[in-house]
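# What shape does this take:
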Amino acid sequence: MPTTRALSLLLNAGHAIDHMLLLIFATAVGAIAIDFGFARWEDLMPYSVGAFLLFGLGSIAAGRLGDLWGRRQMMIIFFIGIGASAVLVAFARDAWQLAAALTVLGAFSSIYHPVGIPMLVQNARNPGLTIGINGLAGNMGIAVAALVTGFLVKAIGWRAAFVVPGLFSIACGVAFILVAPTETTAPAKRATKAKVTTRGTIARLLAVMTLAAVSASFVFNLTTNGNAQLLQERLAGIVDDPATLGALLAVVYAIAAFAQVIVGKLTDHYPIKRIYLVVVLAQVPLFAAAAFAQGWALWTLQLAFMAFTFGAIPFTDAMVVRYIDDRMRSRVSGMRIAISFGISSLAVWLLGPIVKAAGFKSLLIGLSLIAVVTVAFVAMLPPEEAPQR
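Below is the predicted model of the structure:
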């Protein structure tokens, strides 16, 4: 199936929507906690763990259906389902209703990564760059979540912060139905030229890739879910307006997101392992320095460590494209995401209790140590030659 410009635009928009809707709660949690009668935002944070657990575990079924049934059909379900579930969140009247609605949202959000990304790259001439641009779109969704949520919470209320992007997602689903051509054959049944890679290399690659993805996902979940409250704490007395704080965080995400384009382009020309090691090594001192920073120094370091956090995202997708045949990419991606994000969803549950008990200083030191673990895993990747251009 050819990937037209309009279809690529919608697939990239889907990545933005996926991350935007998952991160609205983290930005609005303070306002929601007040509305539901919680004394501290940290006490409400564990109620969102179901969304991230389903985001991971649901990827297995989503990937399997994407390969065996069709990626177009699954993406239609994604756009409309995640949009409708976001609207459902806005109708929650207590913490448990909120948790249930967020879990449903997480189930639909699990579709995008194992289905949308393989659909986007299946005919790409420069898959690394394509993945990088797609990653940029995803992280722009995180930036939009910070910016739009801050303004909507201030102007209308936290419920509008879910309804507005939810309706936008449904509208994108309608556009996708009109733009995406019908698949005549499911990906798993297509006749394509298979990748020539030994089983031993594939097994080692998948094992190390999954381990590295688990630790990297812990860093991603802890930062993206905790950054809003971290910024609020460290800029207290300097910037207190929630809309301004949201705008500052959106700037961090928007600038840092371009790291994925740079990394994606590099993976088209150089061995993945070498670039991956540089990116995760840089996280170690940045998180350690941020643990002790205050005010604008913290904001600057936040921009830096998010650039390298986002910069680590394209690697696993680039490895899947390089080594795995398109007929089974959705299933492989689904299994990898289920393990990495299923385990790292614990980070969302632990975030509130850790910050409440030990503070952000301890959390950031912990992130530095997790980055060290990621370095160790990446060092275990098999050696490779630079891509032939």
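# From here on, just use CA atoms for contacts and neighbour counts.
Will do.
# can you give me how far the longest helix seen in the chain is from the chain middle?
Scanning the chain for the helix with the most residues, using DSSP state H, yields helix 199-234. How far helix 199-234 lies from its chain's middle: 10 Å, per C-alpha atoms, centre = their mean, to the nearest Å.
# pLDDT on it, on average?
For helix 199-234, mean pLDDT rounds to 80.
# Show me what it is packed up against.
Using 3 or more C-alpha pairs under 8 Å, 6 or more residues apart in numbering; DSSP states H and E, the elements in contact with helix 199-234 are helix 5-35, helix 242-267, helix 295-311, helix 314-323, helix 329-344, helix 346-378.
# how far off helix 5-35 does it point, in degrees?
Angle, helix 199-234 to helix 5-35, by axes from the mean of the first three to the mean of the last three C-alpha atoms, to 10 degrees: 50 degrees.
# got the buried residues for helix 199-234?
205-232, 234 (16 or more other C-alpha atoms under 10 Å).
# With stretch 291-307 instead?
291, 293-295, 298-299, 301-307.
# so which of the residues you listed comes closest to Ser344?
Met306 (17.5 Å; C-alpha to C-alpha).
# How about the contacts made by the closest one?
223, 252-253, 256 (C-alpha atoms under 8 Å, 6 or more residues apart in numbering).
# Identify the residues contacting stretch 209-224?
23, 26, 306, 309-310, 312, 316, 336, 339-341, 343-345, 347-348, 351, 367, 370-371, 373-375, 377-378, 381.
# Out of the helices and strands packed on helix 199-234, which is the most enclosed?
When these are scored by mean count of other C-alpha atoms under 10 Å, the highest mean neighbour count falls to helix 329-344 (a mean of 25).
# Could you name the helices and strands sitting against that one?
helix 49-68, helix 112-121, helix 199-234, helix 314-323.
# Reformat these as JSON lines; add distance to Thr182.
Below are those laid out as JSON lines (distance: least, C-alpha to C-alpha, whole Å):
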{"stretch": "helix 49-68", "distance to Thr182": "14"}
{"stretch": "helix 112-121", "distance to Thr182": "13"}
{"stretch": "helix 199-234", "distance to Thr182": "32"}
{"stretch": "helix 314-323", "distance to Thr182": "23"}
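# and of those helices, who's closest to Ala155?
Using C-alpha to C-alpha, the nearest of those to Ala155 is helix 199-234, at 18.2 Å.
# the inter-axis angle of that closest one versus helix 49-68?
Using the same axes, to 10 degrees, helix 199-234 lies at 150 degrees relative to helix 49-68.
# just the helices in the stretch 51-200 of the chain please.
71-89, 95-109, 112-121, 127-155, 158-179, 199-234 (DSSP state H, counting those that start in this stretch).
# what angle do the second one and helix 49-68 make?
Put simply, helix 95-109 runs at 20 degrees to helix 49-68, going by the same axes, to 10 degrees.
# likewise the shortest one?
Between the axes of helix 112-121 and helix 49-68, defined by the same axes, to 10 degrees, the angle is 40 degrees.
# what bits of the chain have low per-residue confidence?
Counting by pLDDT under 70, the chain shows low-confidence ranges at 1-3, 190-202, 345, 384-389.
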